[in-house]
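Trainee: Provided below are the primary sequence and the corresponding predicted coordinates.
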Amino acid sequence: MSLRIAAACFAATLSALGSVARAQDVHPVAPLLHQRSIEALEADPALRYDPSTLLVRFTPGTDEASKEAIARLVGGGRLRRFMHVEGLELLHVRSTLGIEAAQTALVPHVRYAEPNWVLRSSRTPNDTYFNLQYGVHNTGQSIQGVVGTPDADVDGAEAWDLTTGEASYRIAVIDTGAQWSHPDLSANVWVNPGEVAGNGVDDDGNGYIDDVRGWDFYSRDNDPDDSDGHGTHTAGTIGAVGDNGIGVAGVNWSCKLVPLRFLGPQGGYTSDALLAVNYCTTNGIKVSNNSWGGGGFSQALYDAINASKAIGHIFVAAAGNDGRNNDSTPSYPGSYNLDNIISVAATDNRDGLASFSNYGASSVDVGAPGVNIASTYTGSNYVWLSGTSMASPHVAGIVALVYQRNPGWTYGQVVGRILATARPVASLAGRCVTGGVVNAYDALNTGGGGDITPPAAPTGLTATAGNATVALDWANNTESDLAGYTVLRSTTSGGGYAALASGLTVSAYTDNSVTNGTTYFYVVRAYDVTGNVSGNSSQASATPTGGGGPTTLFQDGFESGGYTVGGWTRTNSSAQVLSDAARTGAYGARVRRTSEFVKSLDTSGYATVTVSYDCRTSGLDSNEWLYVEYWNGSTWQLLEATRVTSWQARAWNVPGSASFRLRFRCNANQNPERGDYDNVLIVGS
């Protein structure tokens, strides 16, 4: 099928998209276009993003007809929806437009539109094999000619005296796949008990047919095997079978590895990484290892990882291999400011920070061995590899052990436990949040123990408002077994609190997710290494302000019974102000028979102009719409095209302009067909 024919198919099948509820339910031409995206990636190893798709999140409340009209602005179709993040979709972009121009066209109509970044595995390869795992148990043995420092490891051998894992506990390996037949992995690879292999049916209803061992989002099939080796190596560090007389032992001797492939020979797309994260959320998988990165900041991927908190998911990420400070030059996904992400730096067999490893006093959480790590590899082999990719799976394995041992803990308690028990080392002081290397034994030693005494509730909480920000401070708790703090927020005094941030190891937090003019109420809780949680601190409140506040610039003026009092102009007499067009009050406006109303207004000096109104239509055919547009100084920009038949409220944010104009028009061709609107309000900020 040619791309031109494929594009022509969009219009005929878009209506079917309205019933899409699961990630694999896509537009009929989506597999073809995905394959072309993969071919573009494999043809260009330096490709930064997919030249044919954008990740777009529609504004809540946008109806299907409006979404279709918005998608047509960039000439393509809506290819895929993503579970767990409302309004997030993958849109096709026509080749003549280009990604940057498409973003510009879409931004006024959606919450965000961003490139489908190419992500790549994070490693510094070394093909020499030697079967010594100093990262788990360092006795001072020589690794590649370097004599190690005893105990410069994660205390894995000591931790195995407490637990070697649970055979049924699932850990996702989001990577290049995994050789699930590897003799040191096969017994620990997940077999989906809800699927009947080979029957072509989605038996467990999770949206994937015959996903017996996970899923391959790169090739779009149910065989996440590994042709690269990177994912197999990380899988071995996490969960190679222990005490079986061959190869290596994973941090978890007993577990179930879930291979989720989205990386190919040249990397993979953000949209497929999104699907892998969503797979974890849908299937209740609480731990994933993510030894990859690249591209720019993706709000879509951020939202998907944030949504995974709903099932307690912890996303362990490699910090990156550029030898740079992530505080000043972020490396995603490890640098996303989310409290269910643990970002991992790499250390060597002498507890030194690896020369290639990224670091960051506030953006990288902890270190783990990542230089010359021996693990499983494709072809049923074993090799040495180096990179933060090799450090991250040590931490993912330990996170799973802590979760296994403490099944009632929240993700915040697990993260707090991992960070609070890190072993301090000189090379990481001031280079990561904990200043230390992850320690499996200490993380497990009191978890699940007999301590049932909670820490004291934090005291001295204060909240200081700024411009779109609230700074919180409180007094440090004095308990020796304190693991961290959780900040909770509400917009109602005295109750309704929801967790805002957890895993905090300092007694301060800045809330940047606030709206000026809204009053917020905060409390803080403390928790200890055993998972005991304090009561709430005293409440503190603040109302952030800034930007001069909103200013009403215009209200519709229809209550005069005419349009000229409000300064509206019209094209012909089919644009009228009528009593039966009103949503509220005595009068509203009506456009029909290719007529339009236009309001001109100087909105210069306002960074943001909010346009709100109520609208409905009646009798419109499938090719007829009520269009709402604004003039940005050079062209008309679409806010929406709708056929809603009952009154609905709308609100849009657009930039201010000296030549701002607002237009309502209808392309109906006969008088009974019409669009009504009322309660137009334009506010500048």
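Mentor: Happy to help now that I have it.

Trainee: Can you tell me, leaving aside adjacent residues, what's nearest to residue 411?
Mentor: Counting by CB to CB, 6 or more residues apart in numbering, residue 312 is the residue found nearest to residue 411 once chain neighbours are left out, at 4.4 Å. The way it works is simple: take the backbone N, C-alpha and C, and place the C-beta from them, glycine included.

Trainee: Does residue 419 touch residue 367 like I think?
Mentor: No: counting by CB atoms under 8 Å, residue 367 is not a contact partner of residue 419; they are 11.6 Å apart.

Trainee: neighbour count winner among these two?
Mentor: residue 367 (34 against 22; other CB atoms under 10 Å).

Trainee: What residues does the more buried one make contact with?
Mentor: With CB atoms under 8 Å, 6 or more residues apart in numbering as the criterion, the residues that contact residue 367 are 344-347, 353, 357, 391, 422, 425, 427-428, 432, 436-438.

Trainee: when you check the residues you listed against the helices, which ones overlap?
Mentor: Secondary structure of the contacts of residue 367 is defined by DSSP state H; positions in helices are residue 391.

Trainee: Please report the distance of residue 601 from residue 35.
Mentor: Counting by CB to CB, to the nearest Å, the separation of residue 601 from residue 35 is 48 Å.

Trainee: more neighbours, these two?
Mentor: residue 601 (19 against 12).

Trainee: which residue sits closest to that one in space, ignoring its chain neighbours?
Mentor: Closest residue in space to residue 601, ignoring its immediate chain neighbours: residue 660 at 5.1 Å, by CB to CB, 6+ apart.

Trainee: What values do phi and psi take at the one you found?
Mentor: When quoted as degrees, to the nearest 10, the phi and psi of residue 660 stand at phi -60, psi 140.

Trainee: list the contacts for it?
Mentor: Each residue near residue 660 by CB under 8 Å, 6+ apart is listed here: 600, 601, 602, 603, 604, 609, 630, 631, 632, 633.

Trainee: Sort out which of those are buried, if you could.
Mentor: Burial of those was assessed by neighbour count (16 or more other CB atoms under 10 Å); the buried members are 601, 603, 609, 630, 631, 632.

Trainee: Now render the residues you listed as CSV, adding secondary structure, distance to residue 676 and pLDDT.
Mentor: Putting the buried ones among the contacts of residue 660 into CSV (DSSP: H, G, I helix; E, B strand; the rest coil; distance: CB to CB, whole Å; pLDDT from 0 to 100) gives the following:
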residue, secondary structure, distance to residue 676, pLDDT
601, strand, 22, 90
603, coil, 25, 84
609, strand, 23, 87
630, strand, 19, 93
631, strand, 22, 91
632, coil, 26, 84
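
Trainee: Let me have the residues you listed in JSON lines, adding distance to residue 73 as columns.
Mentor: Output for the buried ones among the contacts of residue 660, formatted as JSON lines (distance: CB to CB, whole Å):
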{"residue": "601", "distance to residue 73": "24"}
{"residue": "603", "distance to residue 73": "22"}
{"residue": "609", "distance to residue 73": "20"}
{"residue": "630", "distance to residue 73": "14"}
{"residue": "631", "distance to residue 73": "16"}
{"residue": "632", "distance to residue 73": "14"}
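
Trainee: now, among those residues, which is nearest to residue 408?
Mentor: Lowest distance from residue 408 to the buried ones among the contacts of residue 660 (CB to CB) belongs to residue 609, with 49.4 Å.

Trainee: show me where the stretch 351-500 of the chain has helices.
Mentor: 388-405, 411-420, 440-445 (DSSP state H, counting those that start in this stretch).

Trainee: Could you look over those helices and pick the most buried one?
Mentor: Most buried of the helices of the stretch 351-500 of the chain by mean neighbour count (mean count of other CB atoms under 10 Å) is helix 388-405; its value is a mean of 29.

Trainee: and stretch 348-361, what's its mean pLDDT?
Mentor: Confidence over stretch 348-361, taken as the mean pLDDT, stands at 93.

Trainee: Can you get me the start-to-end distance on that stretch?
Mentor: Across its full length, stretch 348-361 reaches 19 Å end to end, with CA to CA, to the nearest Å as the criterion.

Trainee: Same question for stretch 246-257.
Mentor: Using CA to CA, the end-to-end distance of stretch 246-257 comes out at 18 Å.

Trainee: For that stretch, buried residues please.
Mentor: Buried positions in stretch 246-257, judged by neighbour count with 16+ other CB under 10 Å: 247, 248, 249, 250, 251, 252, 253, 254, 255, 256, 257.

Trainee: Good, we can wrap up now.
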